[in-house]
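Student: Build me a structure from this.
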Amino acid sequence: MFFVDLLTNLFLLVVGIIILSLIVMFVIDITQTKDAVRRNYPVVGRFRHFFSTLGEFFRQYFFAMDREEMPFNRAEREWVDRSSKGVDNTVAFGSTRNLSPAGTAIFVNCPYPMLDEEAEPTPAVTIGPYTRHPYTAASLINISGMSYGAISKPAVQALSYGAKKAGCWYNTGEGGLSPYHLQGGCDIVFQIGTAKYGIRNDDGSLNEDKLRAVAGHETVRMFEIKMSQGAKPGKGGILPGAKVTPEIAKVRGIPAGQDSISPNRHPEVDNNGELLDMIARIRDITGKPTGFKSVIGAYGWLENLCELIHERGIESAPDFIAVDGGDGGTGAAPMPLMDNVGLTLRESLPMVVDILERYGLRDRIKVIASGKLITPADVAWAYCAGVDFVASARGFMFALGCIQALKCNKNTCPTGITTHDKRLQRGLDPRNKAQRVKNFAHKIEYGVTLIAHSCGARHPRALKRYHVRLVQGDGKSIAMSDLYPPHDGQNQAPVAAE
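Tutor: Below you'll find the model as predicted:
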């Protein structure tokens with residue numbers, strides 16, 4: 001009897017608390033003036049926000065088809081996940097991809113594909129022939145810029161160890177060089193953002209002594225001047241104050257706990273001449289290859305840049321250009337810029353390659369593609385377009401375990417990749433994830449090589465524009481070499497390949 005009375009009293013207490021809570025919420029809702037729905041529909045109106053929040057979850061896991069989600073669909077994410085885990089990622093019963101939308105890439109298989117014994121190893125490419133320390137790399141896929149601050153300490157460690165295992169380079173992003181970038185011993189590309197994080201004076205100008213110190217690390221192979229990035233072309237980097245920890249502030253050289261907003265451009269670079277001056281200055285100080293990264297919108301400036309290079313001499317050229325797509329990236333960004341500013345990589349990349357070829361600078365200036373390239377088909381398309389290297393950020397985030405929770409701009413990433421909450425970071429073991437980074441990179445290279453051999457190319461860097469066709473609006477495909485005729489004719493298909 002005693003226990004019955006106790007349970008009854010507990011039940012009444014719980015019911016009373018619920019009723020009291022509802023009354024309190026009712027009073028708060030009907031008296032507040034900020035939310036019209038809650039004021040007109042007290043208590044019940046609160047469910048609107050709750051269900052809107054859950055909607056994202058249900059779409060991702062229950063309602064969206066494998067090929068429907070954006071920016072990356074479930075089929076793409078699962079391919080990366082399975083590849084990074086090193087498990088079988090073959091499929092059965094036919095493709096689930098709709099091959100009719102405009103822009104779809106269809107590779108042209110050769111009737112007599114390349115035998116394994118006929119194939120050649122992927123040749124290495126040398127960047128910066130006029131520098132004191134040129135950089136030679138053979139990697140087909142590399143890790144694009146993700147700064148320490150935008151991503152967490154264990155994520156940086158995992159990428160550093162993984163890049164070393166995979167034999168690819170790791171771009172620091174604009175947040176400076178942290179000890180964790182160096183831990184794995186991988187090749188590093190140091191990105192110089194508009195705020196000069198890690199190599200700045202208090203007023204934001206370049207500190208040459210700090211730059212020399214960074215260049216003094218043997219594993220720092222190249223320097224990349226970031227003019228703009230895909231997430232926010234025309235605007236500087238954004239790191240919310242909640243993610244600017246004391247350690248990150250020290251690495252960057254800024255106050256802790258404050259929003260870190262970079263200038264929209266490098267203050268000392270306002271024209272092509274000043275861009276070449278800055279490249280020459282950094283290259284002279286460091287002795288290492290120096291180039292720039294940019295989203296392409298207007299492109300007349302690139303032609304003027306090529307003309308200016310010829311006036312100054314071939315040595316004045318940037319050692320590489322990293323072309324980013326204008327359709328978003330890993331960082332926090334205003335929606336108007338992410339959605340509507342800058343050309344996509346599919347349009348801008350062939351354009352940049354063609355401009356360099358037209359001015360006879362293609363061999364001098366290497367081209368790196370970066371922007372939503374996370375599957376072998378994406379990467380193979382870029383090599384067909386004419387690049388020397390491909391870099392990916394979000395592909396390697398998926399390899400680390402990213403679930404596309406879309407919380408990168410907050411400090412609540414559930415997988416520990418983009419948060420500095422120690423509790424959430426516990427789920428990311430750098431040594432374990434490093435192996436996944438390696439597996440993903442090797443699966444990309446294996447898949448691109450499969451496509452190349454199927455097309456009759458001896459290695460991925462032998463892929464040409466005639467090896468891929470692009471679906472048009474009427475559903476028919478056309479060779480990329482017809483859409484973008486090469487300046488020198490070398491990308492035209494030989495008779496035997498037709």
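
Student: List the residues that contact residue 37.
Tutor: Neighbouring residues of residue 37 by C-beta atoms under 8 Å, 6 or more residues apart in numbering: 45, 48. Any C-beta I mention is one placed from the backbone N, CA and C, and that applies to glycine too.

Student: On the three-state scheme, it is what?
Tutor: helix (DSSP: H, G, I helix; E, B strand; the rest coil).

Student: same question, residue 30
Tutor: helix.

Student: and the residue lying closest to it once chain neighbours are set aside, what is it in contact with?
Tutor: Nearest non-adjacent residue to residue 30, counting by C-beta to C-beta, 6 or more residues apart in numbering: residue 42, 4.7 Å away. Contact analysis of residue 42 by C-beta under 8 Å, 6+ apart lists 25-26, 29-30.

Student: can you rerun that using 7 Å?
Tutor: Neighbour list for residue 42: 26, 29-30 [criterion: C-beta atoms under 7 Å, 6 or more residues apart in numbering].

Student: Then residue 460?
Tutor: Contacts of residue 460 were listed using C-beta under 7 Å, 6+ apart, and they are 122, 140, 380, 383, 448-449, 452.

Student: And the pLDDT for the closest residue to residue 26 other than its chain neighbours?
Tutor: Once flanking residues are discounted, residue 26 sits nearest to residue 42: 4.6 Å by C-beta to C-beta, 6+ apart. Looking at residue 42, its pLDDT is 88.

Student: So what does residue 42 look like in phi/psi?
Tutor: Backbone torsions of residue 42, given as degrees, to the nearest 10, read phi -60, psi 140.

Student: For it, give its distance to residue 27.
Tutor: As judged by C-beta to C-beta, to the nearest Å, residue 42 and residue 27 stand 8 Å apart.

Student: now do residue 477
Tutor: 64 Å.

Student: For the two, indicate the residue with more neighbours.
Tutor: residue 477 (18 against 11; other C-beta atoms under 10 Å).

Student: Please name the spatially closest residue to the more buried one (chain neighbours excluded).
Tutor: According to C-beta to C-beta, 6+ apart, the nearest residue to residue 477 is residue 469 (3.8 Å).

Student: How about residue 29?
Tutor: Residue 29's closest residue in space is residue 42 (C-beta to C-beta, 6+ apart), at 3.7 Å.

Student: Please name the nearest non-neighbouring residue to residue 388.
Tutor: residue 366 (4.3 Å).

Student: what sits against the one you found?
Tutor: When contacts are counted by C-beta under 7 Å, 6+ apart, residue 366 is found next to 125, 127, 319-320, 388.

Student: Just the buried residues of these.
Tutor: If you count burial by 16 or more other C-beta atoms under 10 Å, the buried members of these come out as 127, 319-320, 388.

Student: among the contacts of residue 42, who's most crowded?
Tutor: Counting by other C-beta under 10 Å, top hit in the contacts of residue 42: residue 29 with 19 neighbours.

Student: Would you check that that residue makes contact with residue 36?
Tutor: No. In this structure, residue 29 is not within contact of residue 36 by C-beta atoms under 7 Å, at 10.8 Å.

Student: now the residue nearest to residue 421 when sequence neighbours are not counted: how far from residue 237?
Tutor: Spatial nearest neighbour of residue 421, chain neighbours left out: residue 411 (5.9 Å); criterion: C-beta to C-beta, 6+ apart. Using C-beta to C-beta, residue 411 is found at 16 Å from residue 237.

Student: Ramachandran coordinates for residue 27?
Tutor: phi -60, psi -40.

Student: distance of it from residue 41?
Tutor: Taking C-beta to C-beta, one finds residue 27 at 14 Å from residue 41.

Student: Equivalent analysis for residue 243, please.
Tutor: From residue 243 over to residue 41 (counting by C-beta to C-beta), the distance is 36 Å.

Student: Find the residue at the geometric middle of the chain.
Tutor: residue 393 (3.0 Å; C-alpha atoms, centre = their mean).

Student: re earlier: identify the bridge partners of the residue nearest to residue 388.
Tutor: Beta-bridge pairing for residue 366 (DSSP bridges): residue 320.

Student: Report the buried residues of stretch 26-45.
Tutor: Buried residues in stretch 26-45, counting neighbours by 16+ other C-beta under 10 Å, are found at 29, 38, 42-43, 45.

Student: any idea how far that stretch is from the chain center?
Tutor: With C-alpha atoms, centre = their mean, to the nearest Å as the basis, stretch 26-45 stands 42 Å off its chain's centre.

Student: mind listing the helices in the stretch 201-350 of the chain by residue range?
Tutor: 208-215, 246-252, 272-286, 300-312, 335-340, 345-358 (DSSP state H, counting those that start in this stretch).
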